[in-house]
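Engineer: I'd like to go over a predicted model; first the sequence, then the structure.
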Amino acid sequence: MNTPTTSSKPPSSPSIWAFDLGITSIGEAVREGTKFKHIASLLIPEDFAETKNAAARRRMFRTRLAHKARERWLDEVWKKAGLELLQKRVVAKYDENGNEVSGNKRGTWKLKQTADQRLEREFASENDPTCYTSCLLRIKLLRGEKLEPWQIYKALHSAIQKRGYDPNIPWKAAEARRAGKTLEEIKAEEQKADAELAKKIPLTKPPSMPGKPSKHKCLKTITSPATMTPTK
C-alpha cells in the first residue's frame, strides 16, 4: 500500500486583486502575500466625459434656432409690407458631383448665394455719406431719424442677432445660491466691477442732440421733423 507523499513546498498565497476608481484616475494592483505582482494607474483627463461643453453647444444651438425663427418672421413681415428685403448669404452642402445634398449625407459646404453688400458691410467707402454700421443704425432708428427701408431692415436684423444683456436674468438667484452669496452681494460685486471698468475705459462724449449738427457722418441729425416711415 502506497502512502501519499506530502510536498515540502508551502501552499501559495491567494491572489488579491484591488481596484481604485477615482475621479481622474483608475488604479489596479495584484498582491500575493506581501508581494505585489502588478501595479498600474490609468490617468484620465479632467475634462473627459464632462457635460459643460455639451451643454454650451446645446444652448448655442437653441439660440441659433431662435435667431433663425426671428429672421424668418422679420422677412415675412417685410415682404407683406412690400419693402426691399436684403439678400443674406446662403451656404449648402454638395457631393463630389456638384449636386446639392441634405441631411446626414456626406459633402462639402460651399457658398450657394452671396449676400447683399449693404447687409454685410459695416463701414462706408471714402466720400460715401451712407451709414452702414449696424449699431449706429439701431441708434438712429431709436432716435426716430429718417432712414432708407434697407437701413431699417438692417437695424432690426442686427437687433435680432444682438439683443443686448439683461442683468436681472431669471436664474440669477440660483447662481447666487450656488456661489454661496446673496443677491445683494452679487449686485455689489457687479457695481464694483463696473466702477473699475469705468476707470479703465472713460466714457466718450455723447452724440449731438436732435437739431444740432454732429461731426460724425453716421450720427448727423436731421433738423426737419423726424419720421420712421421709409423714403420712397
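Structural biologist: Done, it's in.
Engineer: Could you give the number of residues near His67?
Structural biologist: Other residues near His67 number 15, with proximity taken as other Cβ atoms under 10 Å. C-beta: built from backbone N, CA, C; applies to glycine.
Engineer: nope, Trp150 is what I was after
Structural biologist: Here the count is done by other Cβ under 10 Å, and Trp150 has 19 residues near it.
Engineer: same for the longest helix anywhere in the chain, what does it pack against?
Structural biologist: Across the chain, the longest stretch assigned as helix under DSSP state H is helix 52-80. Here helix 52-80 touches helix 149-161, going by 3 or more Cβ pairs under 8 Å, 6 or more residues apart in numbering; DSSP states H and E.
Engineer: Would you map the strands across this structure?
Structural biologist: Ranges of strands in the chain, per DSSP state E, are 15-21, 25-32, 35-43, 90-94, 100-101, 108-113.
Engineer: Tell me where the model's unsure across this structure.
Structural biologist: In the predicted model, the chain carries pLDDT under 70 at residues 1-12, 49-51, 163-178, 194, 197-232.
Engineer: what residue lies at the spatial centre of it?
Structural biologist: Most central residue of the chain, judged by C-alpha distance to the mean C-alpha position with Cα atoms, centre = their mean, is Met60 at 5.3 Å.
Engineer: picking that back up, turn the strands of the chain into JSON lines, columns for distance to Glu196 and mean neighbour count.
Structural biologist: Compiled in JSON lines, those are given as follows (distance: least, Cβ to Cβ, whole Å; neighbours: other Cβ atoms under 10 Å):
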{"stretch": "strand 15-21", "distance to Glu196": "45", "mean neighbour count": "10"}
{"stretch": "strand 25-32", "distance to Glu196": "41", "mean neighbour count": "14"}
{"stretch": "strand 35-43", "distance to Glu196": "40", "mean neighbour count": "11"}
{"stretch": "strand 90-94", "distance to Glu196": "42", "mean neighbour count": "13"}
{"stretch": "strand 100-101", "distance to Glu196": "52", "mean neighbour count": "13"}
{"stretch": "strand 108-113", "distance to Glu196": "43", "mean neighbour count": "10"}
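Engineer: Dump the ones you listed into TSV; add distance to Gln151 as well.
Structural biologist: Shown next, in TSV, are the strands of the chain (distance: least, Cβ to Cβ, whole Å):
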stretch	distance to Gln151
strand 15-21	62
strand 25-32	59
strand 35-43	58
strand 90-94	22
strand 100-101	33
strand 108-113	22
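Engineer: among these, which is nearest Glu84?
Structural biologist: strand 108-113 (16.8 Å; Cβ to Cβ).
Engineer: so who does Lys162 touch?
Structural biologist: Going by Cβ atoms under 8 Å, 6 or more residues apart in numbering, Lys162 touches Ser134.
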